[in-house]
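Q: quick one, what's the 3D model for this:
(chains A and B)
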Amino acid sequence: QQQVKQSPQSLIVQKGGISIINCAYENTAFDYFPWYQQFPGKGPALLIAIRPDVSEKKEGRFTISFNKSAKQFSLHIMDSQPGDSATYFCAGGYSTLTFGKGTMLLVSP
Amino acid sequence: NAGVTQTPKFQVLKTGQSMTLQCAQDMNHEYMSWYRQDPGMGLRLIHYSVGAGITDQGEVPNGYNVSRSTTEDFPLRLLSAAPSQTSVYFCASSYGLKAYNEQFFGPGTRLTVL
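A: Model prediction:
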């Protein structure tokens, strides 16, 4: 099975801190790596995504770092806010997406 | 645009009953898919479709049937519900099958099988 392994399972960060979620993939054919954000009772929504030909992508407080040789990528949330409290899923694919198991982030006020 | 809509929001079934989860999108997307979300298991692909009349299996297709008669609709059928099918089901759509096409998710259907 083509897996995307995500850690940690849950994360508590103080307001203003940096949240870091890590993912690792196995299939070197994957050419697209999105992160989805899901609030309770809602469907996931695309947050940010990266292709393997770049090492970093930044959108506002959200940054993806990508290490192609290690087959790893991570999401960094700078200046974390209580409104960022949600479940985050990393994914990889070239046609259908394979999702990680998710990280529940709680940003304490 | 309503985006991706799903009905019902909640459903309780008894073991062996059948039901259809409805999904519709108004974005003229060719690609539609069904996922199930279970605690600690993430999102797992059940079935997907790349256009009317074309469907294929995902990671966990057993116990589920799909069909795609129109671009807009992609219903998911449980023929004989089992407790293992208790889950939250999400429908998603995107412009095309390629992974770089953003997937738009519906609000989900929470299904309990007793």
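Q: residue B:30 is in contact with residue B:71, correct?
A: Yes. Residue B:71 sits in contact with residue B:30 when judged by CB atoms under 8 Å, with a separation of 7.0 Å. (C-beta placed from N, C-alpha, C; glycine too.)
Q: touching both of the two, which residues are there?
A: By the contact definition CB atoms under 8 Å, 6 or more residues apart in numbering or on different chains, residue B:71 and residue B:30 are jointly contacted by residue B:51.
Q: give me the neighbour count for residue A:49.
A: 17 (other CB atoms under 10 Å in any protein chain shown).
Q: hmm, residue B:100 and it touching each other?
A: Yes. Residue A:49 is within contact range of residue B:100, at 7.5 Å (criterion: CB under 8 Å).
Q: what touches both of these two?
A: Joint contacts of residue A:49 and residue B:100 (CB under 8 Å, 6+ apart) are residue A:32.
Q: looks to me like residue B:1 is in a strand.
A: No. Under DSSP: H, G, I helix; E, B strand; the rest coil, residue B:1 falls outside any strand and is assigned coil.
Q: now it: closest residue in space, sequence neighbours ignored.
A: residue B:26 (5.5 Å; CB to CB, 6 or more residues apart in numbering or on different chains).
Q: distance of the residue of chain B found nearest chain A from residue A:69?
A: Nearest residue of chain B to chain A (CB to the nearest CB) works out as residue B:105 at 3.2 Å. Applying CB to CB, to the nearest Å, the value for residue B:105 to residue A:69 is 32 Å.
Q: again, but for residue B:18
A: Counting by CB to CB - residue B:18 and residue A:69 are separated by 49 Å.
Q: residue A:48 too?
A: Counting by CB to CB - residue A:48 and residue A:69 are separated by 22 Å.
Q: the more surrounded of those two?
A: With other CB under 10 Å as the criterion, residue A:48 and residue A:69 differ in neighbour count, and residue A:48 comes out ahead with 17 against 5.
Q: tell me the mean pLDDT for the helix or strand harbouring that one?
A: Taking DSSP states H and E as the definition, one finds residue A:48 inside strand A:45-50. Mean pLDDT, strand A:45-50: 98.
Q: what of stretch B:25-42?
A: Stretch B:25-42 comes out at a mean pLDDT of 96.
Q: likewise stretch A:72-85?
A: Averaged across stretch A:72-85, pLDDT comes to 98.
Q: swap in stretch A:5-13?
A: Mean predicted lDDT for stretch A:5-13 stands at 97.
Q: list the buried ones in that stretch?
A: Within stretch A:5-13, the residues that count as buried by 16 or more other CB atoms under 10 Å in any protein chain shown are A:6, A:7, A:11, A:13.
Q: enumerate the beta-bridge partners assigned to the third one.
A: So that's residue A:11. Judged by DSSP bridges, the bridge partners of residue A:11 are residue A:105.
Q: narrow the buried residues of stretch A:5-13 to those in strands?
A: A:6, A:7, A:11, A:13 (DSSP state E).
Q: residues of chain A that sit close to chain B?
A: For chain A, the contact set with chain B under CB under 8 Å from any CB of the partner chain comprises A:1, A:6, A:9, A:30-32, A:34, A:41-46, A:49, A:51, A:89, A:92-102.
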